[in-house]
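> Just need the structure, nothing else, for what follows:
(one chain, ligands or ions: 1)
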Amino acid sequence: MSDKKKTASKGFSGKMGYVLAVAGSAVGLGNIWRFPYLAAKYGGGIFLLTYLILAVTFGFTLIMTETALGRRTGKSPIGAYRALGAKKMMFGGWINAIIPMLIVPYYCVIGGWVCKYFFSFLGANASQLQEDTYFTNFVSKPIEPLFWLLFFAIAVFVIIARGVEKRIEQISKILMPLLVLMAFAIAIYSVTREGALEGVKYYLIPNFKQFSIKTVVAAMGQMFYSLSIGMGILYTYGSYMKKDIDMESSIRQVELVDSIIAILAGLMIIPAVFAFAGGNPETLQAGPSLMFITMPKVFLSMPMGRIVGMVFFLLVFSAALTSAISLMESGVSTITEQTNWSRKKSTVIMLGIIIILGIPSSLGFGVLSFLRPLGGSILDFFDFITNSIMMPIAASCTVILVMKVCGFKVVIDEVKSSSKFRRKGIYLFIAKYLVLLFLAVILISSILTALGITKI
Ligand code: PFF
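Predicted structure coming up:
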């Protein structure tokens, strides 16, 4: 099939379809699981403020660039680099394409945990979920977390292999608004618990004393992750975007939905840590396990808590599923494009990669817990390497591609062909003078951490 035909058949039907698909990729575990634990760990309000500023400046600049290059060339990152004549910079295309392949394995590990919690709320022993040790006992088992990793990975595989994404899109039309409503309701419940107000203050009022370069590095990594930037996905989705869809306003809508869900997730979880654990610094620093430790306590203290818990984890599951689909889809399209293997074969290979790389992340809290790369768990390690090291490099490559190879005119013309591009001035200022400088600072700080000079 010619590229043109491929693009046309996969093209989103309209603005709504595009916004839904990109929001489906953007809104996921990053918003509900990752954002709140980072906010808790890196100072609450100051993290939130830093994140939002970065999202509307750097995030906006990078999303626009990747999407415009994708739509202009009609290709995924490697093809886009080639089409733009960046022969000496093909590394940039490759790194954009490889990152999702490294994220999706550990994403499926956490997706598996979400499934386990859903079924546990459904089961008779749901009350055990509020015990502090429940989560640690579960993740340190040798077999059970592996089973759930397979469960989630195979669910994603089946959807991709059978090409039922369209159905998923229809379902997300219902699930997304439900997720927002539910997040509002749970956040209100959390915030009104006794002792929760301290948490609300911690989360919403910036304490500038807690600001450091680490806040920026963590917020930046989160912004990449949450908005699916620097992973080739926006190129690919941009290539499916029709020429007459208003790019600027679509991207604004995606950013808005993504930020609202992240903010609400923080509001569900952080005040609950104060209400149920007195804002214990150890709980606030719990990292990846925060959602799994705090949320069950909140639910089981509510009337009809088991049902609420079940619905919550079902919604988190569906958000995670649509994101995992986009991650796996990106890997599959790279393999298919580069090898000319059938889609089926590429999908099976991608499942193999997920299982092989997912197993160490899954066992890193039990059987393999003696392995502490960079002083954290194996899952943390993959998260850190992709978000804090590879993504700044991938994003820098995109900016260098524009500066040195194709010029800003290509991006601007592409955006202007469908939008007024009101924020063109700020876009150019950030893209030309700030992005590379800023990415370099992030990268140096992350490398210092990787070398053990500073801690994650
Ligand atoms: N943005 C998704 C989330 O916040 O969970 C995760 C993700 C999806 C990251 C797709 C990267 C990606 F390409």
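> Quick check: residues of this protein near the ligand?
25-26, 28-31, 100, 103, 225-226, 228, 231, 233, 323, 326-327 (Cβ under 6 Å from any ligand atom). Yep, even glycine has a C-beta here, placed from its N, CA and C like the rest.
> Looking at these, which are in helices?
25-26, 29, 100, 103, 225-226, 233, 323, 326-327 (DSSP state H).
> Now the phi/psi pair for the residue lying farthest from the centre of the chain, please.
Residue distances from the centre of the chain (Cα atoms, centre = their mean) peak at A124, which lies 32.5 Å from the mean C-alpha position. Backbone torsions of A124, given as degrees, to the nearest 10, read phi -80, psi -20.
> ok, so what distance separates it from R306?
Distance of A124 to R306, computed by Cβ to Cβ, to the nearest Å: 10 Å.
> Export stretch 316-335 to PDB, keeping only CA atoms.
Only the C-alpha atoms of stretch 316-335 are listed here, as PDB (Å, rounded to 0.1, in the frame of the first residue of the first chain):
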ATOM      1  CA  VAL A 316      -7.700   3.900  35.400                       C
ATOM      2  CA  PHE A 317      -7.400   0.600  33.500                       C
ATOM      3  CA  SER A 318      -9.200   2.100  30.400                       C
ATOM      4  CA  ALA A 319      -7.000   5.200  30.500                       C
ATOM      5  CA  ALA A 320      -3.900   3.100  30.800                       C
ATOM      6  CA  LEU A 321      -5.100   0.800  28.000                       C
ATOM      7  CA  THR A 322      -5.600   3.600  25.400                       C
ATOM      8  CA  SER A 323      -2.100   5.000  26.300                       C
ATOM      9  CA  ALA A 324      -0.500   1.500  26.100                       C
ATOM     10  CA  ILE A 325      -2.200   1.000  22.700                       C
ATOM     11  CA  SER A 326      -0.500   4.200  21.400                       C
ATOM     12  CA  LEU A 327       2.900   3.100  22.800                       C
ATOM     13  CA  MET A 328       2.700  -0.300  21.400                       C
ATOM     14  CA  GLU A 329       1.200   0.900  18.100                       C
ATOM     15  CA  SER A 330       4.200   3.300  17.800                       C
ATOM     16  CA  GLY A 331       6.600   0.300  18.300                       C
ATOM     17  CA  VAL A 332       4.700  -1.900  15.800                       C
ATOM     18  CA  SER A 333       4.700   0.800  13.100                       C
ATOM     19  CA  THR A 334       8.400   1.300  13.500                       C
ATOM     20  CA  ILE A 335       9.200  -2.400  13.200                       C
END
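> low-confidence ranges in the stretch 51-200 of the chain?
164-169, 172 (pLDDT under 70).
> Most neighbours out of the residues of the chain next to the ligand, which is it?
M231 (33 neighbours; other Cβ atoms under 10 Å).
> what's that one in contact with, if anything?
Counting by Cβ atoms under 8 Å, 6 or more residues apart in numbering, M231 touches 96, 99-100, 103, 224, 327, 330, 391, 394.
> For it, give me the backbone phi and psi.
phi -140, psi 20.
> leaving aside the residues next to it on the chain, what's closest to whatever residue of the chain ends up closest to the ligand?
Nearest residue of the chain to the ligand, counting by Cβ to the nearest ligand atom: G30, 2.1 Å away. Excluding its sequence neighbours, the residue lying closest to G30 (Cβ to Cβ, 6 or more residues apart in numbering) is S226, at 4.1 Å.
> Report pLDDT for the one you found.
pLDDT for S226: 93.
> Same question for the one 5 residues further on.
Looking at M231, its pLDDT reads 83.
> How much space separates it from P360?
Between M231 and P360 the distance, using Cβ to Cβ, works out to 21 Å.
> do A187 as well
To P360, A187 is 35 Å away according to Cβ to Cβ.
> Show the contacting residues for F58.
For F58, the contacting residues are 220, 223, 430, 434-435, 438, by Cβ under 8 Å, 6+ apart.
> One more: I99?
Counting by Cβ under 8 Å, 6+ apart, I99 has contacts 230-232, 386, 390-391, 394.
> JSON lines for the residues you listed, including distance to I205?
Shown next, in JSON lines, are those (distance: Cβ to Cβ, whole Å):
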{"residue": "G230", "distance to I205": "31"}
{"residue": "M231", "distance to I205": "33"}
{"residue": "G232", "distance to I205": "37"}
{"residue": "T386", "distance to I205": "32"}
{"residue": "M390", "distance to I205": "34"}
{"residue": "M391", "distance to I205": "29"}
{"residue": "A394", "distance to I205": "34"}
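> can you name the two of these that are farthest apart?
G232 and T386 (12.3 Å; Cβ to Cβ).
> which of the two has more neighbours?
With neighbours defined as other Cβ under 10 Å, G232 and T386 compare such that G232 has more, 31 against 23.
> In this structure the more buried one contacts P77, no?
Yes - G232 lies in contact with P77 (Cβ atoms under 8 Å); the separation is 4.1 Å.
> Which neighbours do the two have in common?
96-97.
> picking up where we left off before, between the contacts of F58, which sits nearest S346?
S346 has its nearest neighbour among the contacts of F58 in M223, at 29.7 Å by Cβ to Cβ.
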